[in-house]
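Trainee: return a 3D structure for these sequence lines:
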Amino acid sequence: MKSFLISFCFCFCFSQQVVDGVVAIVGENIITRGDFSYQLASVAKQRGVSSSLTPLKYKRLEGVVLEDIIDRYVFLEYAKKDSNVFVENESVQKQLDSQIKMFLETVGSIDSLEVVFGKPIKNIRADYWDEIYNAMLIEKYKFFLTSGFAVGKKEIEVFFEEYKDSLPPSPARANFSIYNVAFEPSPSTLENSFLFVKSLLDSVLENPFSFDNLIKKHSDDFSSISSSGVVGYTERGSLFLEYEEAAYSMKIGEVVGPIKTEAGFHLIKLLDRRGNKINTQHLLKTISPTEADRHLTITKINDLYAFSANSPVFLENFIDEKIDFLKLLSGNYYDFPISRLPLDIYNLIEKSDDSFLYDPIILKNGTVLLLYVYEVFQENISSLDNSYDFIKSIALDKKTLDFLNQWVFKAREGVYINIFPN
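Mentor: Predicted coordinates:
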């Protein structure tokens, strides 16, 4: 079992130093000395704790970090057994893409990243797939455990009286409109991608034994490359609908495609069928927009910007009319805490004047943003009068956290845990 140390905020470490030994075993999961050291170093750096300057504080932090890792593994053990909780592959893929992009921004290039990790980019992605999946599964399970939680008016008032002297200021809020779009492939780009995958299918039909090699050479599903594209046994509802519709109608050994899903074009081979479960093998080609496609998107955004510059209500009305078709962060926001937004958008709004239209911007995640800020309200001392919803959210967070702490304390009794002495 691959060790899992990554928290949902994804604190990765580039260090290649290896430290032998096992710190603890939790269920089927092993916490190695090296993994624990990396996690401890990351948390210590975030909190400004030094092993040499504040050794006692550092020692206490060791215990806190270890307990936190163990608790996450306990959540993971229960989450994997709960059929009500699952993580879709495309969600993992999107998060993985984001993390790889963050790595590349740090080191500068794919070649540099491969040098740092000592392995090809495809292997790097494959290694982190399980860790991201586990982190997302834990968060889904926590949400499942607490999804019905609420706090009433009396609870909020009691909470405020107890913690009013230590509450943070109410966050800055704003009224604004966002039109946020991704660069999308054009119909001609889609057709070219389809034809390429169709040519791969023709190769497989001519030589069925070539499928494994084609997967290793061309597939963009990095999570399954190491297994030659084998997905494993899955039930209905686990994969893309279009993928499953094709796979469940196939004969064992048959290869079909191209099948289009949100991820791209697939070639699918049915390997086995056991009751309601199927085992498939696939090749995936993601569909990336060309420079011409990107130019078309920018032209459309610039047109919207020109209309918005001439009328302060154009963008707001446009979004209201199109809201059922819009994706990403697009929408009209009123009295919205801007700290909930991505940092690059937060920074724009936080320093913005009222009634200000920003030029179109390409965000760090690669999408395009058109932003109209109507009013900005700076942070305030929290009170039930001016920050009721904010205080309510904090009270609910505390109630949720208290429950999860109590839950995992009891849940430990049902999981094998062995902590080894230093």
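
Trainee: could you measure from Asp202 over to Leu267?
Mentor: Asp202 sits 11 Å away from Leu267, going by Cβ to Cβ, to the nearest Å. C-betas here are computed from N, CA, C, even on glycine.

Trainee: more neighbours: these two, which one.
Mentor: Counted by other Cβ atoms under 10 Å, Asp202 and Leu267 do not tie: Leu267 has more neighbours, with 26 against 10.

Trainee: wasn't the more buried one part of a helix?
Mentor: No: going by DSSP: H, G, I helix; E, B strand; the rest coil, the assignment for Leu267 is strand, not a helix.

Trainee: which ones are touching the closest residue to it other than its chain neighbours?
Mentor: Spatial nearest neighbour of Leu267, chain neighbours left out: Gly257 (3.8 Å); criterion: Cβ to Cβ, 6 or more residues apart in numbering. Neighbouring residues of Gly257 by Cβ atoms under 8 Å, 6 or more residues apart in numbering: 197-198, 201, 246, 265-268, 283.

Trainee: could you rerun that using 7 Å?
Mentor: 197, 201, 265-268 (Cβ atoms under 7 Å, 6 or more residues apart in numbering).

Trainee: wouldn't Leu270 be in contact with Ser249 here?
Mentor: No: applying Cβ atoms under 7 Å as the test, Leu270 and Ser249 come out as separate, 9.2 Å apart.

Trainee: quick one on the thing from earlier: helix, strand, or coil at the residue nearest to Leu267?
Mentor: On the basis of three-state DSSP, Gly257 is classed as strand.

Trainee: list of residues touching the helix or strand where Leu348 lies?
Mentor: Taking DSSP states H and E as the definition, Leu348 sits inside helix 343-350. Applying Cβ under 7 Å, 6+ apart, the external contacts of helix 343-350 come out as 172, 174, 176, 338-339, 358, 363-364, 369, 371, 373, 376.

Trainee: quick one on the thing from earlier: neighbour count winner among Leu270 and Ser249?
Mentor: Comparing Leu270 with Ser249 by other Cβ under 10 Å, the one with more neighbours is Leu270, at 20 against 10.

Trainee: excluding its backbone neighbours, what's nearest that one?
Mentor: Leu270's closest residue in space is Met250 (Cβ to Cβ, 6+ apart), at 4.2 Å.

Trainee: next: Tyr374.
Mentor: Asn175 (4.3 Å).

Trainee: double-check that that neighbour belongs to a strand.
Mentor: Yes: according to three-state DSSP, Asn175 belongs to a strand.

Trainee: using PDB, write out every CA atom in the helix holding Leu348.
Mentor: Taking Å, rounded to 0.1, in the frame of the first residue of the first chain, the C-alpha atoms of helix 343-350 are listed here in PDB:
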ATOM      1  CA  LEU A 343      -6.300  34.600  -4.700                       C
ATOM      2  CA  ASP A 344      -5.700  36.300  -8.100                       C
ATOM      3  CA  ILE A 345      -9.400  37.400  -8.200                       C
ATOM      4  CA  TYR A 346      -9.400  38.300  -4.500                       C
ATOM      5  CA  ASN A 347      -6.400  40.600  -5.000                       C
ATOM      6  CA  LEU A 348      -8.200  42.400  -7.800                       C
ATOM      7  CA  ILE A 349     -11.400  43.000  -5.900                       C
ATOM      8  CA  GLU A 350      -9.800  43.800  -2.600                       C
END
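
Trainee: for stretch 394-401, which residues meet the burial criterion?
Mentor: Residues 394-396, 399-400 are the ones in stretch 394-401 that count as buried (16 or more other Cβ atoms under 10 Å).

Trainee: just flag the most distant two among those.
Mentor: Ile394 and Thr400 (10.7 Å; Cβ to Cβ).

Trainee: and Asp212, what element?
Mentor: Per DSSP H and E: helix 211-218 holds Asp212.

Trainee: now tell me what touches that helix from outside.
Mentor: 200, 203-204, 225, 228-229, 255, 269, 283, 285.

Trainee: stretch 48-61 too?
Mentor: Under Cβ under 7 Å, 6+ apart, the answer for stretch 48-61 is 43-44.

Trainee: any weak-confidence spans in the protein?
Mentor: 1-20 (pLDDT under 70).

Trainee: of the buried residues of stretch 394-401, which belong to helices?
Mentor: 394-396, 399-400 (DSSP state H).

Trainee: ok, of those, which one's closest to Val23?
Mentor: Nearest to Val23 among those, with distances taken as Cβ to Cβ, is Thr400, at 28.7 Å.

Trainee: ignoring the adjacent residues along the chain, who's closest to that closest one?
Mentor: Closest to Thr400 by Cβ to Cβ, 6+ apart is Thr146, at 4.8 Å.

Trainee: now do the same contact list for that neighbour.
Mentor: Thr146 neighbours (Cβ under 7 Å, 6+ apart): 400, 403-404.

Trainee: also Ser224?
Mentor: 230-231.

Trainee: and for Glu62?
Mentor: Leu40.

Trainee: swap in Gly229?
Mentor: Contacts of Gly229 (Cβ under 7 Å, 6+ apart): 215, 219, 221, 281-283.

Trainee: hang on, Ile30 in a strand?
Mentor: Yes: counting by three-state DSSP, Ile30 is located in a strand.

Trainee: beta partners for it?
Mentor: Note on Ile30: beta-bridge partners by DSSP bridges are Ile25.

Trainee: wait, it sits on Val23?
Mentor: No: counting by Cβ under 7 Å, Ile30 stays clear of Val23, with 8.7 Å between them.

Trainee: neighbour count winner among those two?
Mentor: Set Ile30 next to Val23 and count neighbours by other Cβ under 10 Å: Val23 wins out with 23 against 16.
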